[in-house]
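A.B. asks: next come a sequence and a model predicted from it.
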Amino acid sequence: SQGGIDSYEEDEAINYESIEPFAEFLQTLRMSIPSDARIHVVVHSMGNRMVLQGLRKIAVEGSWRNSGSTSPPVHNLVLCAPDVGLGDFKAWVPDVVPLCERVTLYANSSDTALIASKSLHAEPRAGDARFLPVIDGVQTIDCSRIDMSFMGHSYYGSNPDVLTDLFTILRENADASQRPHLKRRWSRHGTYWEFARSAGTILCTWHFEDG
């Protein structure tokens, strides 16, 4: 990202050109590491377009099945505040879900960046919880009830509750139903989750063996 509204169109062009290189990178990475190694993909904002289309390209072409692997290429795919039109999101995700062990979507109703993008594209964005997408195979998390930054767009990396939730997904491999700070909700489209209380604090240490 160029980091500014004036460069938004340039960002979109770069993003589109990155789809095929990302798909090639992911397949090369998967074939270069042990079969039991886990790959997690955490993607934010417009980057969701590149990742979703890259994974969809792999799925549609069948290149992953042809690689001989019996497990999905991605263990956890976490879609943070996706700046993706609802129409594209609903079209792409069904092809992506089979390539992942788990797909998680974080959305927020006070995300000013996505509100601006909605006006620019004349279409709601998938990361805007006011238009919360509930799709089979995706654990949708509504983050609207927790305290956000001023812009409400980068909460996945700055809000302690979301960071704790993300840790329990990636490190502890916990399903949404196993995370007590989340509460199940229902819409006419299906089940989603929201923060019912603070996720608390996780204390951990990392140990690296010499050599």
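C.D. replies: Great, that's in hand.
A.B. asks: now do the same for the residue nearest to the spatial centre of the chain: helix, strand or coil?
C.D. replies: Nearest residue to the geometric centre of the chain (C-alpha atoms, centre = their mean): Leu79, 1.0 Å. What DSSP: H, G, I helix; E, B strand; the rest coil gives for Leu79 is strand.
A.B. asks: contact partners for it?
C.D. replies: Listed by C-beta atoms under 8 Å, 6 or more residues apart in numbering, the contact set of Leu79 reads Val43, Asn48, Val51, Leu52, Val103, Thr104, Leu105, Tyr106, Ala126, Gly127, Val138. Every residue, glycine included, has its C-beta placed from N, CA and C.
A.B. asks: do you know how far it is from Ile14?
C.D. replies: 19 Å (C-beta to C-beta, to the nearest Å).
A.B. asks: same check on Ala107?
C.D. replies: Plainly put, Ala107 is 24 Å away from Ile14 if you go by C-beta to C-beta.
A.B. asks: out of these two, which sits in the busier spot?
C.D. replies: Ala107 (26 against 14; other C-beta atoms under 10 Å).
A.B. asks: isn't the more buried one right next to Val138, touching?
C.D. replies: No. At 10.7 Å, Ala107 does not count as touching Val138 under the criterion of C-beta atoms under 8 Å.
A.B. asks: would you mind checking which helix or strand in the chain has the lowest mean pLDDT?
C.D. replies: helix 63-66 (a mean of 65; mean pLDDT, DSSP states H and E).
A.B. asks: now do the strands in the protein.
C.D. replies: Assigned by DSSP state E, the strands in the chain fall at 40-44, 74-80, 100-107, 138-142, 182-187, 190-195.
A.B. asks: how about these in CSV, adding distance to Leu120 and mean pLDDT?
C.D. replies: Below are the strands of the chain laid out as CSV (distance: least, C-beta to C-beta, whole Å; pLDDT from 0 to 100):
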stretch, distance to Leu120, mean pLDDT
strand 40-44, 18, 96
strand 74-80, 20, 97
strand 100-107, 18, 97
strand 138-142, 23, 96
strand 182-187, 26, 94
strand 190-195, 26, 94
